[in-house]
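>>> Here's a sequence, model it:
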Amino acid sequence: MRRRTLLVAPLALMAFVAAGGRARAREVKEVVLGREEAPVTVIEYFSLTCPHCATFHRETLPVIREKYIDTGRVKWVLRDFPLDRYALVAAVLAHCAGPDRYPAFVETFLETQSRWARSPDPVTALRTLAKLGGLSDEEMDACLADEAMVDGVLRMRLEGERTWGVDSTPTFILGDRRHSGAIPPEEFEKLLQPLLD
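Residues are numbered from 1 along each chain as shown. Predicted coordinates:
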């Protein structure tokens, strides 16, 4: 199965955003797992509709987290790279939950991806999940209508394209090198080891 490399025009993505009033603006920032001062930084660009990203988060990230992130050796930076409009909706809803709950929303959306992404109405399915995570309809409406939030997610994607040449997901930046795909745990550890030695 090939990695998805759909390029998305920001204006086309914004066209689906529901119109409505604005609530307090929420900032879109990268979220960090682990210690800020960790000696090694890994940046992950992912799309919440990417099946390879879901595989990586299910099979590899738990191993890396236990051995390297939770022990303070690796700082893991999560960056959105939505490949389609549903990934954009999911990313905005995850950021809507706030930086403390964002990682849990990302994990939940990736774990349940095969169900909500293939449902007849993915946005309604995402909203149902987000409501279970504690977001109200009013909060979701405000976030999805907040052009600054949508722009923030799209800027993160654009930075990945311009700075690192990211064109598929998942893509990882380790040091000054780019690696792509659902890399198995043992292979990912081999990429980390030279940076940790």
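>>> Just say helix, strand or coil for residue 82.
Three-state assignment for residue 82 (DSSP: H, G, I helix; E, B strand; the rest coil): coil.
>>> and if you look at residue 27?
On the basis of three-state DSSP, residue 27 is classed as coil.
>>> remind me which residues of this protein are low pLDDT?
1-26 (pLDDT under 70).
>>> swap the cut-off to 90 and go again
Filtered on pLDDT under 90, the chain yields the residue ranges 1-28, 175, 197.
>>> So in terms of bridging, what pairs with the residue nearest the centre of it?
Nearest to the mean C-alpha position of the chain, counting by CA atoms, centre = their mean, stands residue 80 at 3.9 Å. Per DSSP bridges, the residues bridged to residue 80 are residue 46.
>>> Do I have it right that it meets residue 91?
Yes: between residue 80 and residue 91 there is a contact under CB atoms under 8 Å: 4.3 Å. For every residue, glycine as well, the C-beta is placed using N, CA and C.
>>> which residues do those two both contact?
Residues touching both residue 80 and residue 91 (CB atoms under 8 Å, 6 or more residues apart in numbering): 48, 153.
>>> Downstream of the longest helix belonging to the chain, the next helix or strand is which one?
Longest helix of the chain, by residue count under DSSP state H: helix 147-164. Using DSSP states H and E, the helix or strand that follows helix 147-164 towards the C-terminus is strand 171-174.
>>> Sheet-wise, list the partners of that following strand with their directions.
strand 40-46 (antiparallel), strand 177-180 (antiparallel).
>>> just how off-centre is it within its chain?
13 Å (CA atoms, centre = their mean, to the nearest Å).
>>> Alpha carbons only: can I get it in PDB?
Output of strand 171-174 as PDB, limited to C-alpha atoms (Å, rounded to 0.1, in the frame of the first residue of the first chain):
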ATOM      1  CA  THR A 171       7.600  11.700   8.200                       C
ATOM      2  CA  PHE A 172      10.200  12.000  11.000                       C
ATOM      3  CA  ILE A 173      13.000  14.500  11.400                       C
ATOM      4  CA  LEU A 174      16.000  13.100  13.400                       C
END
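>>> and that strand, which residues are buried?
Judged by neighbour count (16 or more other CB atoms under 10 Å), strand 171-174 contains these buried residues: 171, 172, 173, 174.
>>> What of stretch 177-197?
Going by 16+ other CB under 10 Å, stretch 177-197 has these buried residues: 178, 180, 182, 183, 188, 189, 192.
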